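From the sequence below, what's the structure:
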Amino acid sequence: MTTDMLTPVVQVPGQLDLPEMPVIPEPAATKPATTTKLTGLTNLNTAKLTTIKGWTVTRTTATYEGTPTAALASVQLRMDKVRSTEGGRASGYTSLIAVRNKLRELTTGGSHPAVTVTIKRATKKTAKTRTGSPAARLTRKRQDTYTTAQLVATLENGWAAIRTNHPEIPAVVIIVGSGTATKEARHGHFASNRWQHGDNQLAEVLISGEGLQRPVEEVFTTLLHEATHALAHTREIQDTSRQGRWHNQKFGLIASELGLDVLDKDPKHGWSKCTLRAETATTYKQVIAELKKALIAYRHPETTGDGKAKKNNNNAIACVCQCPRRIRVAKAVLAEGDITCGICDTHFEPDE
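Numbering: from 1, shown residues only. Down below sits the predicted model:
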């Protein structure tokens, strides 16, 4: 009879018994990296960010590999260094201030249209679109399911770029809507204090859907036109009258400051018509290129149920004074004699 002999286990002093050996945990999955992106920057902004560790700069955009708080800290650190060695009037110091203010607005619980925060995640590889396939030939008439998300985002980026070059211009809410719902068609409008965001009131800028079929330069000109009204509002300058239809010379001066050429005085709207200056188009070249990609749809004008354009069947005439106040009066009554405003002492005239 044979007996299998077991090899004895030798216990080494200070060594744990085998059943008590700790289990080495599997390494935890790395969390997605947070990226902070700034858009609509000027050449001076990007030139200063290029020298700060952690920033990747391409023309009008800059990306920081980290949270907005970390991005703000890196910019503030550079500002402190420049101020201590060169002073507050050093070249490019104001550019760093502009970048810091964008990030500070985000890190204090607010939001800024020029700052976006993304989380890097693994992307799935998708099949390449075959050249010449319907998906590769998207136009205004041939397109995928349409939403205004890309359009509004591009307009917001454009507004942020304008604010970067002209910091006095306020933040606004940009919407796309009808430009033919009123008697006179319009490409856009600026209205102060239309939106409430927490404790803050924001102005509204409307870009008409009907006007999106125009060339991209004209659409961007409309954005600059409304930015002119916004800047006039900030400076408390009355640049229009007659419910915003008459644009005075003060509007023309501010529009020129923003890079528009004002055409000759229009008998109906004053100095309202503007064109985009060549050097202005160069300044906003990247923004205009992105906007062009987003202009893949436009809105049809308002119509009545029978397909005809709306008509005003009211025999009364809309009249305005220089205040301006507005009244509606029958043609026969107006023909009897002048109607004078008791405030500005001017006659009410037809608002043609």
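
contacting residues around the helix or strand Ala161 falls within?
Element membership of Ala161, judged by DSSP states H and E, is helix 149-165. With contact meaning CB atoms under 8 Å, 6 or more residues apart in numbering, helix 149-165 is reached by 39-42, 45, 60, 98, 112-114, 169, 171-172, 174-176, 205, 207, 212, 220, 223-224, 227, 258, 283-284, 287, 290-291, 293-295, 297. (Glycine included, C-beta is placed from N, CA and C.)

likewise stretch 67-86?
Applying CB under 8 Å, 6+ apart, the contact partners of stretch 67-86 are 34, 36, 48-49, 51-55, 64, 66, 90, 92-93, 96-97, 99-100, 103-104, 106-107, 115, 117.

same thing but 7 Å
Applying CB atoms under 7 Å, 6 or more residues apart in numbering, the external contacts of stretch 67-86 come out as 34, 36, 52, 54, 64, 90, 93, 96, 99-100, 103-104, 106-107, 115, 117.

burial of Gly209, as a residue count?
Neighbour count for Gly209, taken as other CB atoms under 10 Å: 19.

Nearest spatial neighbour of it, chain-adjacent residues omitted?
Leaving aside its chain neighbours, Gly209 sits nearest to Arg299 (2.7 Å; criterion: CB to CB, 6 or more residues apart in numbering).

Settle this for me: the one you found is touching Gly211, isn't it.
No: contact criterion CB atoms under 7 Å: Arg299 and Gly211 do not qualify, at 8.5 Å.

More neighbours: the two, which one.
Neighbour totals were compared for Arg299 and Gly211, and Gly211 leads with 19 against 16 (other CB under 10 Å).

and the residue nearest to Gly209, what does it touch?
Arg299 is in contact with Ser178, Gly209, Glu210, Leu212, counting by CB under 7 Å, 6+ apart.

Pass me the low-pLDDT residue ranges in the stretch 51-200 of the chain, would you?
Residues of the stretch 51-200 of the chain meeting the criterion pLDDT under 70: 107-144.

Show me the strands in it, by range?
Per DSSP state E, counting those that start in this stretch, the stretch 51-200 of the chain carries strands over the ranges 55-58, 61-64, 115-119, 172-177, 188-197, 200-208.

Tell me which of these is the most buried.
Sort the strands of the stretch 51-200 of the chain by mean neighbour count, taking mean count of other CB atoms under 10 Å, and strand 61-64 sits at the top with a mean of 21.

Out of the strands of the stretch 51-200 of the chain, the one nearest Trp271 is which?
Among those, strand 188-197 comes nearest to Trp271, with 15.8 Å by CB to CB.

Paired strands for the closest one, with orientation please.
Applying DSSP bridges, strand 188-197 is found paired with strand 200-208 (antiparallel).

Return the alpha-carbon coordinates of the partner strand using CSV.
C-alpha atoms of strand 200-208 as CSV (Å, rounded to 0.1, in the frame of the first residue of the first chain):
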residue,chain,number,x,y,z
ASN,A,200,-30.0,89.4,-15.5
GLN,A,201,-32.1,90.9,-18.3
LEU,A,202,-30.8,90.1,-21.8
ALA,A,203,-31.6,91.8,-25.1
GLU,A,204,-33.0,89.9,-28.1
VAL,A,205,-31.6,89.8,-31.6
LEU,A,206,-33.8,88.3,-34.3
ILE,A,207,-32.5,87.2,-37.6
SER,A,208,-35.3,86.7,-40.1
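
How is this structure divided into domains?
Listed by automatic domain parsing, the domain ranges of the chain are 34-119, 146-294, 316-350.

ok, back up a step: just the element for the residue nearest to Gly209, please.
Going by DSSP H and E, Arg299 is not in any helix or strand.

wait, what's in contact with the closest residue to Cys323 other than its chain neighbours?
Among residues not flanking Cys323 along the chain, Cys344 sits closest, at 4.8 Å (CB to CB, 6+ apart). Residues near Cys344 by CB under 7 Å, 6+ apart: Cys321, Gln322, Cys323.

does Gly177 really touch Ile207, like I thought?
No: using CB under 7 Å, Gly177 is not in contact with Ile207, being 8.1 Å away.

picking up where we left off before, can you list the strands of the stretch 51-200 of the chain in TSV and add distance to Phe251?
Listed next are the strands of the stretch 51-200 of the chain as TSV, based on distance: least, CB to CB, whole Å:
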stretch	distance to Phe251
strand 55-58	35
strand 61-64	32
strand 115-119	31
strand 172-177	18
strand 188-197	11
strand 200-208	16
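
residue boundaries of the helices in this structure?
43-50, 68-85, 93-107, 149-165, 216-234, 249-257, 278-283, 285-294, 331-335 (DSSP state H).

To Asp199, which of these lies closest?
Here helix 93-107 is closest among these (CB to CB), at 13.8 Å.

And for Gly337, the neighbour number?
As a burial measure, Gly337 scores 8 neighbours (other CB under 10 Å).

try Pro170
15.

With Val320 as the reference, measure out to the spatially most central residue of the chain.
A centroid search over the chain (CA atoms, centre = their mean) returns Glu156, at 1.5 Å, as the residue closest to the centre. From Glu156 over to Val320 the distance is 34 Å, taken as CB to CB, to the nearest Å.

For Met330, give me its contacts.
Not quite, residue 330 is Ala, not Met. Asn315, Ala316.

what's across from it in the sheet?
Applying DSSP bridges to Ala330 yields these beta-bridge partners: Ala316.
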